[in-house]
Every structure is written in structure tokens, then in C-alpha cells.
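Chemist: Model the following, please.
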Amino acid sequence: MPHPYATYTGQQSAGYIAAPQTAEIVNLAIHLGRPLLVEGEAGCGKTRLAGAIAEELGLGEVIAVTVKSTSQAKDLLYRFDALRRLQDAQDRTNTRAHHIHPYISLEPLGRAIQQGQPGVVLIDEVDKADIDFPNDLLDVLDRFEFDIEDLPVDESDACMAERGFGRHVSGPPGGTRPIVLITSNREKQLPEPFLRRCLYVQLDFPTDPAMLAEIVRRNLATQVDALSDTLIAGAVARFCEIRQRAHPALPAHVFIPAEPISVALDLDRRAAVVADVVPELAHKSKSAQESTLAVVFAQQPLYVPPTYGAFYQPPVYPTAPYEPSSQFSPSYVPDSL
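Modeler: Just a heads-up that it's a prediction; the model follows:
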């Protein structure tokens, strides 16, 4: 039986470029049916990776769920509208409120499990939730089925007849598991059992000049009529300046591209150059220019070239704003595989 998913290359999305090692781990997660845990600092490309996979593989819209500090695993699966039932119960002629099942509905992840169709599920910012949330969630993802605990057993058949699902929800026989991406900003340590059962990839901001230029070219191609090398160089230089200010302790050469991009764009002239080559930004405030240009680079993965030029040194974060888990490397694969 052919595999339901094509191979992800990371190079065919209109606005996103994935490093080869990232694409390799994505494909491994797809073929093993494992969730893919994506970590990295905010804005580095974790959420956009899900969209890029769906776009390249032709899987439609991403089924996205954002985790909150109060989220429980069941909140991603179904919703029991108790408040609406209470309101309906105020009307004694309303017999609907005598039952639970009219007030149960499936949430995006629950619908994805029920339908069993190819797709991409994004569970965003899993580290915001309670410490028990990841393990409870992974238990559901392992089995790809769940029980609606709020639905009485004696109402299961009625719910199936009216809503298309019963107390126990699972995919159709021979159904396909969606690709599951779980993102984390590493605001808190995730449980060890959860980490062991996921495949892992770490994303960072790009530092390679050629990759930065290609990211600009792809993202601005549909927005700017005349996309010249000067425009691309200006956008890259401006991004490097913004990034340097965000992390002033980092060596400047980590973010300032090497020849030929930076040679004509010294720090004092970058803002003026960008305003010249991007007329749409000239009338905006400096903060608005920065925000607009940052969008070009935000949500992009790290490209690590096989060899580094003399200008490159690995970044050193004195306050460690982001530290990957010690037992992981960017190409980590669990021993159990």
C-alpha cells in the first residue's frame, strides 16, 4: 500500500525554506507516525513550518490549536457547553436541556482524529500548559482515539445519531493519521516521557547571507514589482541591524552578512538605503519599518551551511534566552527507533 504522504523537501513553499536536516526529520516523523516537537526562540519559524509542510504536500489548511495556561488535553478534543445548557434549562419547556449530548461538539484535534484524513495538525506553544498536559496529550496521540468523559454512556447512541460521534471517538478503519507538529518556546521544562516519545528539531534564525537573500526574494516577490539586488541587500542589512540590537551581546559578524551584501551598506546608511529601495516604507516610522522588514525574516528556520566562512562564529548567549534540552541534538532520533 503506497504511503499517503509525499516526501517533504523544504524547498517548494512560496515563502519558507527549510534546512535539509529539518526536512529529513520531518519526513522521518511522517513515516514513523510520531509527533514532531519543534523548539526555538519566538519568531524563528516553528508555526510557519507546519504551513510550509501543508503547502508543499498539498494538504490544505493547517488544523491549528493554540495551547493556553489553563488548557487541558480534553480542551483540544471536544467542548461541553455547560453554560448554554444552563441557559436552556431556565426554560422549562425546553426538553433539550434534559440531555448532555446536544451540548457536546468536537474541537479541531478531535475532528482530525474522527475523520482520519491526511493533513497537518499544529499544537502551538505546548509549554504554556500545566505540567501534566503534554503527557495526557501524547497518550491521545499515541492511540489516536479518545473518550468524551462528559458524555454519559447511555447518551452515546443518541449522540452518534445526531452528531456523528459517540462517547468513544476514533478514526475510520484504514484511516490516515495526520502529521502532528508540537511547538515549544521552552518557557518550562517538558516532561521526560513526553520528550522521549517525540521526534525533535530545533529551529533558529538564519545567519547565512545567501539564505537570507533567498528568504527576502521569496517573501517580497509578490509584493514588490521591481525586486532588485539592491532591494534584497537593503532588506537583509536592515534585518541584521534589527537582530543585532535585539541581541547586543552577540558579535556583529554573526548577523551582518559578508561580501558582497554588506560592503556598500554600512550601519549609518542602512535605514536610508531601505527607504530608498522600498518606497512603501519611506513614509512609515522607524518602528513600523522595522516591523515590516522583520516580517520578511520572522518564522524562518535556521540554515546551517556545511562549512562556515571566516566571518562566522557561533552565537553565544550570555543570559541563555534559549537552551535546547541537553539530551537532544538537531538530528536527534530516540533510541527506541
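Chemist: Now do the end-to-end distance for stretch 59-77.
Modeler: 21 Å (CA to CA, to the nearest Å).
Chemist: Which positions within it qualify as buried?
Modeler: Neighbour counts over stretch 59-77 (16 or more other CB atoms under 10 Å) mark 59, 62-65, 67, 71, 73-77 as buried. Where you see a C-beta, it was placed from the backbone N, CA and C, and this is true even at glycine.
Chemist: Of all pairs in those residues, which one spans the longest distance?
Modeler: Spanning the widest gap among these are L59 and K74, at 25.6 Å by CB to CB.
Chemist: Save the buried residues of stretch 59-77 as CSV, and put in pLDDT too.
Modeler: Below are the buried residues of stretch 59-77 laid out as CSV (pLDDT from 0 to 100):
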residue, pLDDT
L59, 93
V62, 93
I63, 93
A64, 91
V65, 90
V67, 90
S71, 89
A73, 90
K74, 91
D75, 91
L76, 91
L77, 93
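Chemist: Distance to T183 and secondary structure for those - can I get that in CSV?
Modeler: As requested, the buried residues of stretch 59-77 are arranged in CSV below (distance: CB to CB, whole Å; DSSP: H, G, I helix; E, B strand; the rest coil):
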residue, distance to T183, secondary structure
L59, 18, coil
V62, 12, coil
I63, 14, strand
A64, 10, strand
V65, 11, strand
V67, 9, coil
S71, 14, coil
A73, 16, helix
K74, 20, helix
D75, 17, helix
L76, 14, helix
L77, 19, coil
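Chemist: which one of the residues you listed is nearest V126?
Modeler: Out of those, the member with the shortest distance to V126 (by CB to CB) is V67, at 5.3 Å.
Chemist: Go ahead and confirm that closest one touches K128.
Modeler: Yes: with contacts counted by CB atoms under 8 Å, V67 reaches K128, the gap being 5.2 Å.
Chemist: Do a quick rundown of the strands in this protein.
Modeler: Assigned by DSSP state E, the strands in the chain fall at 36-39, 63-66, 78-80, 104-106, 120-124, 145-147, 168-170, 179-184, 199-202.
Chemist: Excluding covalently adjacent residues, which one is nearest to R111?
Modeler: I63 (7.7 Å; CB to CB, 6 or more residues apart in numbering).
Chemist: So which of the buried residues of stretch 59-77 is the closest to S184?
Modeler: The closest of these to S184 turns out to be V67 (CB to CB; 9.5 Å).
Chemist: State the distance from A42 to D208.
Modeler: Between A42 and D208 the computed distance is 21 Å (CB to CB, to the nearest Å).
Chemist: Looking at those two, which one has more neighbours?
Modeler: D208 (19 against 12; other CB atoms under 10 Å).
Chemist: Report pLDDT for that one.
Modeler: Predicted confidence (pLDDT) for D208: 76.
Chemist: do S285 as well
Modeler: At S285, the model reports a pLDDT of 53.
Chemist: And P20, by the same measure?
Modeler: At P20, pLDDT is 85.
Chemist: for it, what are its contacts?
Modeler: Counting by CB atoms under 8 Å, 6 or more residues apart in numbering, P20 touches G10.
Chemist: mind checking how far the closest residue in space to P134 that isn't next to it in sequence is from D132?
Modeler: Of all residues not flanking P134 in the chain, F194 sits nearest, at 4.0 Å (CB to CB, 6+ apart). In this view, F194 and D132 are 10 Å apart by CB to CB.
Chemist: So between those two, which is more surrounded?
Modeler: Between F194 and D132, counted using other CB under 10 Å, the more crowded position is F194 (20 against 11).
Chemist: What segments of the stretch 1-150 of the chain are helices?
Modeler: Secondary structure of the stretch 1-150 of the chain (DSSP state H, counting those that start in this stretch): helices at 20-32, 46-57, 82-89, 108-115, 133-143.
Chemist: Please name whichever of the ones you listed is nearest to G175.
Modeler: helix 108-115 (7.5 Å).
Chemist: from the chain's centre, how far out does that closest one sit?
Modeler: 19 Å (CA atoms, centre = their mean, to the nearest Å).
Chemist: swap in stretch 206-216?
Modeler: Taking CA atoms, centre = their mean, the mean C-alpha location of stretch 206-216 is offset from the chain mean by 20 Å.
Chemist: buried sites along that stretch?
Modeler: 206-209, 211-216.
Chemist: And those residues, which two are furthest apart?
Modeler: Maximum pairwise distance among these (CB to CB): 14.3 Å, between T207 and V216.
Chemist: give me the low-pLDDT residue ranges for the stretch 201-337 of the chain?
Modeler: For the stretch 201-337 of the chain, the stretches with pLDDT under 70 are 221-226, 246-337.
Chemist: Kindly recompute the last result at 90.
Modeler: Scanning the stretch 201-337 of the chain for pLDDT under 90 picks out 202-337.
Chemist: and if you look at the stretch 1-150 of the chain?
Modeler: Residues of the stretch 1-150 of the chain meeting the criterion pLDDT under 90: 1-5, 10-22, 31-34, 39-48, 66, 68-72, 91-97, 116, 127-139, 141-144.
Chemist: contacting residues for D157?
Modeler: G166.
Chemist: And A112, by the same measure?
Modeler: Taking CB under 8 Å, 6+ apart as the test, what A112 contacts is 63, 119, 121, 178.
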